[in-house]
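Trainee: I would like to see how this sequence folds:
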Amino acid sequence: MTRTSKLPKRLQPMLATLTDAPFDDPDWVFETKWDGFRMIAAIDAGVVTLYSRNGKIISDSYLPVAQALVGLKGGSTVLDGELVALDGHGVSHFQLLQNALRTEAKLRYCVFDLMFEDGADLRGLPLVERKQRLRGLLPRHPLISFSSHRRTSGSKFFAEAQAKGLEGVVAKRSQSQYLSGLRSTDWLKIKTARRQEVVIVGFTPPKGSRPYFGALLLAVRDGKAWRYVGRVGTGFTQASLKELYGELRRLRTGASPFGAGWKQAADTSWVKPELVAEVKFSEWTRAGEMRHPVYVGLRQDKRPDAVTREKEDRHRQR
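Mentor: Numbers count the residues shown, from 1 in each chain. This next block holds a predicted model:
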């Protein structure tokens, strides 16, 4: 069970900016971009609270991870990392994490930053110093790992990530401070394949032998309105079709989020824009729609009204 909390500003995660290509730079370090969801761990006097990115308290849902952090050295400490589920080759997959509570998925908390240690605010220290402290602080436990980094050679690291089927690489300026709650160009994410968070706003009826529904209609926030970005009809399992349909039926509404002037097939069923999903796709069309989208899974760690089209930063000053 998750409880919602307004995450204090000091505990809000720093966010990375999407960029278009890997690079080499001696002033930067490069980490694996894990395919899971962001998790802040706050440890105070032996009590561990796990937060998702949008402020949900998820300690009870991932109790083994919380218990693994109970013995952390020092007093009031705050960690930043990614909760992932690994396959047999040690590669993280968001789809595995979707079923982690119902299966024997191999969970791991990959920790990459140290915000507070023993009550001291470390966010103003250089990244490499925070990571050095973090490495010596983490307990030895199969559910906890230090997310290591490589210096300078981002292009080679990215090529290796592609070969291994990883989601991508995160580049971080080695002297950067931790900016809670802000998206910064001091942290950059380079993806091996395009991905986009979207909000489900409708669905079409099933065709042929498929049950439940045919495709999902997708949107992102554009100012105060919703912008249509395409539909996805692949990537589902029988289990995900059934689970999603149950949610869609609960959220059905007679109103289109795009207004009366937007044309769509008469058999479209609209739903309240409450479900956030992640899809992968090949490219954006000129009309602003995703080409060849594939459903990856639902996300519980982001508010629908915070989902906007993610655009690449092509003009980074190196």
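
Trainee: give me the low-pLDDT residue ranges for the stretch 1-150 of the chain?
Mentor: 1-6, 73-74, 99-105 (pLDDT under 70).

Trainee: Please enumerate the strands of it.
Mentor: Ranges of strands in the stretch 1-150 of the chain, per DSSP state E, counting those that start in this stretch, are 3-4, 15-18, 24-33, 37-44, 47-52, 56-57, 77-86, 106-117, 120-121, 144-146, 149-153.

Trainee: Kindly reformat these as a markdown table containing mean neighbour count and distance to residue 268.
Mentor: Bear in mind the C-beta positions are built from the backbone N, C-alpha and C, glycine included. What follows is these, written out as a markdown table (neighbours: other C-beta atoms under 10 Å; distance: least, C-beta to C-beta, whole Å):
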| stretch | mean neighbour count | distance to residue 268 |
| --- | --- | --- |
| strand 3-4 | 10 | 31 |
| strand 15-18 | 17 | 31 |
| strand 24-33 | 19 | 35 |
| strand 37-44 | 20 | 30 |
| strand 47-52 | 20 | 31 |
| strand 56-57 | 17 | 31 |
| strand 77-86 | 23 | 34 |
| strand 106-117 | 22 | 38 |
| strand 120-121 | 12 | 51 |
| strand 144-146 | 17 | 45 |
| strand 149-153 | 17 | 46 |
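
Trainee: now for the ones you listed, which one comes closest to residue 181?
Mentor: strand 15-18 (8.1 Å; C-beta to C-beta).

Trainee: got a list of contacts for that closest one?
Mentor: Contact partners of strand 15-18, identified using C-beta atoms under 8 Å, 6 or more residues apart in numbering, comprise 170, 172, 182-185, 187-191, 310-313.

Trainee: what do you get if the cut-off is 7 Å, keeping everything else the same?
Mentor: Outside strand 15-18, the residues within contact range by C-beta atoms under 7 Å, 6 or more residues apart in numbering are 170, 182-185, 187-189, 310-313.

Trainee: Could you do stretch 196-205 as well?
Mentor: In contact with stretch 196-205 (C-beta under 7 Å, 6+ apart) are residues 213-220, 226, 229, 248, 257, 265, 267-271, 273, 275-279, 281, 290, 299, 302, 304, 307, 310.

Trainee: Distance from that stretch to the middle of the chain?
Mentor: 18 Å (C-alpha atoms, centre = their mean, to the nearest Å).

Trainee: any chance of the contacts of strand 15-18 in JSON lines, with distance to residue 32, secondary structure and neighbour count too?
Mentor: Written out in JSON lines, the entries for those read as follows (distance: C-beta to C-beta, whole Å; DSSP: H, G, I helix; E, B strand; the rest coil; neighbours: other C-beta atoms under 10 Å):
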{"residue": "170", "distance to residue 32": "7", "secondary structure": "strand", "neighbour count": "22"}
{"residue": "182", "distance to residue 32": "22", "secondary structure": "coil", "neighbour count": "13"}
{"residue": "183", "distance to residue 32": "20", "secondary structure": "strand", "neighbour count": "12"}
{"residue": "184", "distance to residue 32": "19", "secondary structure": "strand", "neighbour count": "16"}
{"residue": "185", "distance to residue 32": "20", "secondary structure": "strand", "neighbour count": "14"}
{"residue": "187", "distance to residue 32": "14", "secondary structure": "strand", "neighbour count": "22"}
{"residue": "188", "distance to residue 32": "14", "secondary structure": "strand", "neighbour count": "24"}
{"residue": "189", "distance to residue 32": "11", "secondary structure": "strand", "neighbour count": "21"}
{"residue": "310", "distance to residue 32": "19", "secondary structure": "coil", "neighbour count": "14"}
{"residue": "311", "distance to residue 32": "23", "secondary structure": "coil", "neighbour count": "10"}
{"residue": "312", "distance to residue 32": "20", "secondary structure": "coil", "neighbour count": "16"}
{"residue": "313", "distance to residue 32": "20", "secondary structure": "strand", "neighbour count": "12"}
